[in-house]
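1. sequence plus predicted model, see below.
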Protein chains: 2
Amino acid sequence: MVTRQTRQKEFVLDNLKQRFDHPTALQIFNDAQKQGVKIGEVSIYRILNNLVKEGSACKIVTKDNVAHFDFTREDHIHLVCNSCNRIFDRYIGDNEKLADLIKDFHIAKQDIVLYGICNECAKSENYKKSNF
Amino acid sequence: MVTRQTRQKEFVLDNLKQRFDHPTALQIFNDAQKQGVKIGEVSIYRILNNLVKEGSACKIVTKDNVAHFDFTREDHIHLVCNSCNRIFDRYIGDNEKLADLIKDFHIAKQDIVLYGICNECAKSENYKKSNF
DNA sequence: ATTCTTATTGAAAATGATTTTCATTAAGGA
DNA sequence: TCCTTAATGAAAATCATTTTCAATAAGAAT
């Protein structure tokens, strides 16, 4: 299957690259409309999910069940506020301590969540079928 | 407002205390039915959300947009598999390094998410109105 | 440049977990 | 036993996201 370059894909990727506010699909859709770019909302969802699959973007789900997207740049982690649903970036090295991550943010250990692929799924390679 | 003790609340809390598999509302509902305990699904959602609000439970949302619940015990963090959607507990101290969290799990830094309350919301105390 | 294949799009409908509504039930104090 | 109102639950609503599928268009082939 040969992938094709389209206006829609280009717009979504560019929009995501330019901004640092972890937009939702709807926010990107609104940007497109403001700029007179014709894209259906559904296509934005599909394009974003594809970017996540290929590793060019990551998806962060806030507690209001809304997916936010971020272009994959330098390694950083995400601090998510459960009240205002904003997402903050924190750049931190491998050798830094857990306590450093929690500083300046009110986080219980139970609310530290690391999304990845468990060893079992990684071995079976089933995860390739996954949406993430 | 005086809170009242009910069979329904008791069942949900007990069920959550007994299990370590981070059940969904539906799983708890199924347990109730198997055991002949009459509770509506809606009530389970409501009771679980109340437990989260009061700090007795925490909610972990997997990438398939399903909420899982965990009775608040010792401090531990959650590793979530994006393929099988299982949730793993990891007990870890403040002084441990970030690298230790990632060991044995295939995680990009972008997929490390810490849910909490940002300083701004904590100051304004708006977060008390929040569901979390 | 034109044709052709099929990847991609997008509108409408479907999905599915969760929340809201509101009449009914029942906890537990009076 | 009565009374207030917290809590429940069935049905309906919500809402982000996904699926469907006919129409469109990228870009290779001719």
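-> Received it, and whenever you're ready, just let me know what you need. Fair warning: this is a prediction, and the values are worked out from it, not measured in the lab.

2. from here on, contacts and neighbour counts on C-alpha atoms
-> OK.

3. ok, and the closest non-adjacent residue to A:Ile107?
-> Closest residue to A:Ile107 apart from its sequence neighbours, by Cα to Cα, 6 or more residues apart in numbering or on different chains: B:Gly116 at 4.4 Å.

4. can you give me the neighbour number for the residue in chain A that DNA strand C sits nearest to?
-> Closest approach between chain A and DNA strand C, counting by Cα to the nearest atom of the strand: A:Thr3, at 3.2 Å. Counted with other Cα atoms under 10 Å in any protein chain shown, residues neighbouring A:Thr3 total 5.

5. quick check on it: phi, psi?
-> According to degrees, to the nearest 10, the main-chain angles of A:Thr3 amount to phi -80, psi 150.

6. measure it to A:Ala32 for me?
-> In this view, A:Thr3 and A:Ala32 are 22 Å apart by Cα to Cα, to the nearest Å.

7. quick one: average confidence on stretch A:62-81?
-> The average pLDDT within stretch A:62-81 is 93.

8. try stretch A:44-52
-> Averaging pLDDT along stretch A:44-52 yields 97.

9. and if you look at stretch A:124-132?
-> Averaged across stretch A:124-132, pLDDT comes to 53.

10. could you give the angle of the longest strand seen in chain A to strand B:112-118?
-> Longest among the strand segments of chain A by residue count, using DSSP state E, is strand A:112-118. If you take axes from the mean of the first three to the mean of the last three Cα atoms, to 10 degrees, strand A:112-118 sits at 160 degrees to strand B:112-118.

11. who are the packing partners of the helix or strand just after strand A:112-118?
-> Proceeding N to C from strand A:112-118, the next assigned helix or strand is helix A:119-124, under DSSP states H and E. Applying 3 or more Cα pairs under 8 Å, 6 or more residues apart in numbering or on different chains; DSSP states H and E, one finds that helix A:119-124 makes contact with strand B:105-106.

12. chain center to the strand it packs on, what's the gap?
-> For strand B:105-106, the gap between its own C-alpha mean and the chain's C-alpha mean amounts to 21 Å (Cα atoms, centre = their mean, to the nearest Å).

13. so what's A:Asn119 up against?
-> B:Asp104, B:Phe105, B:His106 (Cα atoms under 8 Å, 6 or more residues apart in numbering or on different chains).

14. just the buried ones from those?
-> Taking 16 or more other Cα atoms under 10 Å in any protein chain shown as the criterion, what is buried in these is B:Phe105, B:His106.

15. in JSON lines, list the contacts of A:Asn119 along with pLDDT and distance to A:Ile44.
-> JSON lines is the format used below for the contacts of A:Asn119 (pLDDT from 0 to 100; distance: Cα to Cα, whole Å):
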{"residue": "B:Asp104", "pLDDT": "84", "distance to A:Ile44": "34"}
{"residue": "B:Phe105", "pLDDT": "91", "distance to A:Ile44": "30"}
{"residue": "B:His106", "pLDDT": "92", "distance to A:Ile44": "27"}
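
16. can you narrow the contacts of A:Asn119 to ones near chain A?
-> Filtering those for proximity to chain A by Cα under 8 Å from any Cα of the partner chain leaves B:Asp104, B:Phe105, B:His106.

17. follow-up on the earlier one: what is the nearest of the contacts of A:Asn119 to DNA strand D?
-> Using Cα to the nearest atom of the strand as the measure, the one of these that approaches DNA strand D most closely is B:His106, at 21.2 Å.

18. contacting residues around that closest one?
-> Contacts of B:His106 (Cα under 8 Å, 6+ apart): A:Gly116, A:Ile117, A:Cys118, A:Asn119, A:Ala122.

19. most neighbours, which of these?
-> The residue in the contacts of B:His106 with the most neighbours, by other Cα under 10 Å, is A:Ile117 (26 neighbours).

20. I figured that one was touching B:Ile87, is that so?
-> No: counting by Cα atoms under 8 Å, A:Ile117 stays clear of B:Ile87, with 10.6 Å between them.

21. shared neighbours of those two, anything?
-> B:Val80, B:Cys81.

22. want to throw the contacts of A:Asn119 into JSON lines with distance to DNA strand D?
-> Listed next are the contacts of A:Asn119 as JSON lines, based on distance: Cα to the nearest atom of the strand, whole Å:
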{"residue": "B:Asp104", "distance to DNA strand D": "27"}
{"residue": "B:Phe105", "distance to DNA strand D": "23"}
{"residue": "B:His106", "distance to DNA strand D": "21"}
